[in-house]
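Undergrad: pasted the sequence and its predicted model underneath.
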Amino acid sequence: MCRLFHILTLACLLGLVVEQAGAAIYKLEDGSTIEGEPISTGEEGAMFRLTGSDDTTPRIPWVKFTQEALKELKKIPKCAKFVEPFIELDVQKKVTRKAVAIEEWPKLDRTPGKSLLGSFFSTGLGLLALVLFYAANLYSAYEISVIRAYPWLLVCGIAAVAPVIGPVLFLCLPTRLKTHEQQAVAAEAAAAAEAAALEAALPADGTAAESAAAVPVEQPTAPRLPPTQRFVRGNYSFNRRFFETKFASFFSIVRRDSDKDMVLLVKSARGNYTATRLTRISAADVHLQVQEGPASKEVMVPFIEIQEAILKHKDSPDR
């Protein structure tokens, strides 16, 4: 009996020690305290048995405990897994966790700055682009010389020395046309050359001239030809409406008797064309039917290149 009494006494003392180990004072965020031990824990909170009595508290959420109280509760095994998410980390631990090792990579050296022209000359592709640009500049100069009726050697030479500026300058100039006075002087010079050739062919003694003067020769009367009509750029605008209005008869395959012997002489920057018919016409150009020997061909002439249009009889002199 004495041994049984000692065992029961020891058990009671152990129970009191365990009870005192779980019992403690826990502070809440509102300033109040709870003295007791947790008897029921969960994710929502814990219920406590108050020290010195059998009363229990309602379930208190974990968020209402202070950090010191949560750390004390963490020491109790049944509370540790529920309390740990609500314990804030120390500042030093936060900094240690967020620290990221940044490796420094060597920076690439900047390429030395160059001018635009220097950059073109430094690469093969840039040189090719410059050559193509220069060739296009010369070709455009040639086309402008044809349209504006200036010597192509002059225009291309200036474009070779001053690219872009030279062609643009000639493009802004008006088209150079021969005036009526220049055409009359050229015709007089041709007539004088023909008369000089005839005088050189006659005998020096003049007998042939006397015999020719002695015999009267009846000169055939030349048929009366319709007047020649001239249309010069500057006085007229060459476009689709102009050709359809002035030369309407040239669009038909068979023309009337009064117009069947008329031809249309078109002087353009690329040459002169004697047309017997207008085959087609658009907003930018006109197509001429030109006779070449026994055959005929169709020639397209842009309106912008036409300098003069002459409506005349086929036997009238081209002046």
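TA: That came in fine, so what should we check first?
Undergrad: what about the strands in the chain?
TA: For the chain, applying DSSP state E gives strands covering 24-27, 33-41, 46-50, 229-232, 262-268, 271-281, 285-292, 295-302, 306-313.
Undergrad: which residues touch the longest one?
TA: With Cβ atoms under 8 Å, 6 or more residues apart in numbering as the contact definition, strand 271-281 has outside contacts at 240, 243-244, 247, 250-251, 253, 263-266, 286-291, 296, 298-299, 301. (C-beta placed from N, C-alpha, C; glycine too.)
Undergrad: got the angle between it and strand 262-268?
TA: 110 degrees (axes from the mean of the first three to the mean of the last three Cα atoms, to 10 degrees).
Undergrad: buried residues in strand 271-281, which are they?
TA: Of the residues in strand 271-281, Tyr273, Thr274, Ala275, Thr276, Arg277, Leu278, Thr279, Ile281 count as buried by neighbour count, 16 or more other Cβ atoms under 10 Å.
Undergrad: ok, now stretch 246-257?
TA: Quick answer for stretch 246-257 (16+ other Cβ under 10 Å): Lys246, Phe247, Ser249, Phe250.
Undergrad: switch the residues you listed over to CSV; also include pLDDT and distance to Pro317.
TA: Listed next are the buried residues of stretch 246-257 as CSV, based on pLDDT from 0 to 100; distance: Cβ to Cβ, whole Å:
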residue, pLDDT, distance to Pro317
Lys246, 85, 21
Phe247, 85, 21
Ser249, 83, 22
Phe250, 84, 21
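Undergrad: I'd like these laid out as JSON lines, including distance to Arg176.
TA: As requested, the buried residues of stretch 246-257 are exported to JSON lines (distance: Cβ to Cβ, whole Å):
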{"residue": "Lys246", "distance to Arg176": "24"}
{"residue": "Phe247", "distance to Arg176": "25"}
{"residue": "Ser249", "distance to Arg176": "32"}
{"residue": "Phe250", "distance to Arg176": "28"}
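Undergrad: out of the residues you listed, which are inside helices?
TA: Using DSSP state H, the members of the buried residues of stretch 246-257 that fall in helices are Lys246.
Undergrad: correct me, but Asn137 touches Pro163?
TA: Yes - contact criterion Cβ atoms under 8 Å: Asn137 and Pro163 qualify, at 4.5 Å.
Undergrad: mind giving me the domain split of this structure?
TA: 2-97, 118-172, 227-313 (automatic domain parsing).
Undergrad: contact partners of stretch 122-135?
TA: By Cβ under 8 Å, 6+ apart, the surrounding residues in contact with stretch 122-135 are Lys114, Ser119, Phe120, Phe121, Pro163.
Undergrad: by mean pLDDT, point me to the weakest helix or strand of this structure.
TA: helix 207-214 (a mean of 48; mean pLDDT, DSSP states H and E).
Undergrad: ok so, going back, of the contacts of stretch 122-135, the lowest pLDDT goes to which?
TA: pLDDT across these is lowest for Lys114, at 68.
Undergrad: now the helices: where do they sit in the stretch 101-250 of the chain?
TA: For the stretch 101-250 of the chain, helices defined by DSSP state H, counting those that start in this stretch occupy the ranges 116-121, 124-148, 152-161, 165-172, 180-201, 207-214, 240-246.
Undergrad: need those helices in CSV with distance to Lys75, can you?
TA: Shown next, in CSV, are the helices of the stretch 101-250 of the chain (distance: least, Cβ to Cβ, whole Å):
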stretch, distance to Lys75
helix 116-121, 74
helix 124-148, 76
helix 152-161, 96
helix 165-172, 92
helix 180-201, 120
helix 207-214, 152
helix 240-246, 104
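Undergrad: dump the strands of the chain to TSV, plus distance to Lys78.
TA: Output for the strands of the chain, formatted as TSV (distance: least, Cβ to Cβ, whole Å):
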stretch	distance to Lys78
strand 24-27	14
strand 33-41	5
strand 46-50	9
strand 229-232	115
strand 262-268	109
strand 271-281	104
strand 285-292	102
strand 295-302	102
strand 306-313	108
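Undergrad: nearest to Glu143, of those?
TA: Nearest of the strands of the chain to Glu143, taken as Cβ to Cβ: strand 295-302 at 11.4 Å.
Undergrad: and the closest one, how far out from the chain middle?
TA: Its chain's C-alpha centre and that of strand 295-302 lie 37 Å apart, by Cα atoms, centre = their mean, to the nearest Å.
Undergrad: averaged pLDDT, that strand. What do you get?
TA: Average pLDDT, strand 295-302: 88.
Undergrad: before we move on, back to that, of all the domains of the chain, which lies closest to Glu188?
TA: Of all those, domain 227-313 sits nearest to Glu188, with 17.9 Å by Cβ to Cβ.
Undergrad: can you get me the start-to-end distance on that closest one?
TA: 8 Å (Cα to Cα, to the nearest Å).
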